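**Q** sequence and predicted structure are below.
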Amino acid sequence: MSQTHKAEAGTGASAPRAVLRPRDAATLIIVDRSSPAPRILMGRRRPEQVFLPNTFVFPGGRVEATDRVLARRHALPETEAECVKAAMRGRPSATRAAALALAAIRETFEETGFIVGRPQNDSKPANAGGWSAFHAEGFEPHLSGLTFLARAITPPGRPRRYDTRFFVVDAREVAHRASSIDGELLDIDWFTIDAARTLKLPSITQYILEDIAAFLVRPADAAPFYFHRRGRFERALLPRTIVRLDSEGANSMVPNPNSRRT
């Protein structure tokens, strides 16, 4: 995290600059494998936006309070939740992991209209808040098809800072596409990996794109984690775990022997 810039009295130095703490955020990468070359959903951020203007990104955004409320009713697959919890700031929990996945699904719906979910049951969840439009389409979110791919923290000094988790989901998990979107993304389309490489991309999206390319060849046994430390860009690997059943059928989590760190 960057240091606060301190102004010295009488020197004409700039005013103190607040330290920005990264906010939890999540992104959803939808992969369409119906063609010989897999395609991914991306859109271009509006040119007037402060953060990453006019660049192609995956849909996503920050975690909202309503995501945390809804996370009490939904859960990620256990192996994915454990990986998301690795190196999580504060107190790690499966509910926080689910809130991140839900934020990715909600933001994807708001920005592209795509609903990753299943038909909603008769009882609508209370305090839906930002999920009201999603539920109004007749669906509820469904997390079982999501795979945690990577994590990245925005470098210090940027106008916005996010601690972003990237999830991957197959396009077959899309249940519906709504007609109304919020307009945050332009030129929403499906791109092959090679076509996406030619777009104007933020630097972190370039790294994630290569992670996706590798994932499509062979599912990863660890999740890349990108961050800056002492002014240097670093890449670590968050270990995955394996769910094993004991003789009585109870779950236990053990490290994946193929996981490694860099």
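**A** Received, thanks. Numbers count the residues shown, from 1 in each chain.

**Q** helices of the protein, residue ranges please.
**A** In chain order, the chain shows helices spanning 65-70, 78-85, 94-112, 132-136, 193-197, 203-217, with DSSP state H as the criterion.

**Q** which of those helices sits most buried?
**A** Each of the helices of the chain was given a mean neighbour count from mean count of other Cβ atoms under 10 Å, and the largest, a mean of 25, is that of helix 94-112. C-beta coordinates here come from the backbone N, C-alpha and C atoms, glycine included.

**Q** how big is the angle separating it from helix 78-85?
**A** Calculated by axes from the mean of the first three to the mean of the last three Cα atoms, to 10 degrees, helix 94-112 forms an angle of 90 degrees with helix 78-85.

**Q** least confident secondary structure element in the chain?
**A** Counting by mean pLDDT, DSSP states H and E, the chain has its least confident helix or strand at strand 251-255, which shows a mean of 40.

**Q** run a quick neighbour tally on F227.
**A** Using other Cβ atoms under 10 Å, F227 is surrounded by 17 other residues.

**Q** of the helices of the chain, which approaches L20 most closely?
**A** Proximity to L20 (Cβ to Cβ) singles out helix 203-217 among the helices of the chain, at 16.4 Å.

**Q** residues in contact with the closest one?
**A** Counting contacts by Cβ atoms under 8 Å, 6 or more residues apart in numbering, the residues outside helix 203-217 that touch it are 29, 31, 38, 40, 55-58, 147, 149-150, 152, 154, 166, 168, 193, 196-197, 201, 220, 224, 226, 235.

**Q** D187: which of the helices of the chain is closest?
**A** Nearest to D187 among the helices of the chain is helix 94-112; the distance by Cβ to Cβ comes to 11.4 Å.

**Q** cool, thanks, signing off.
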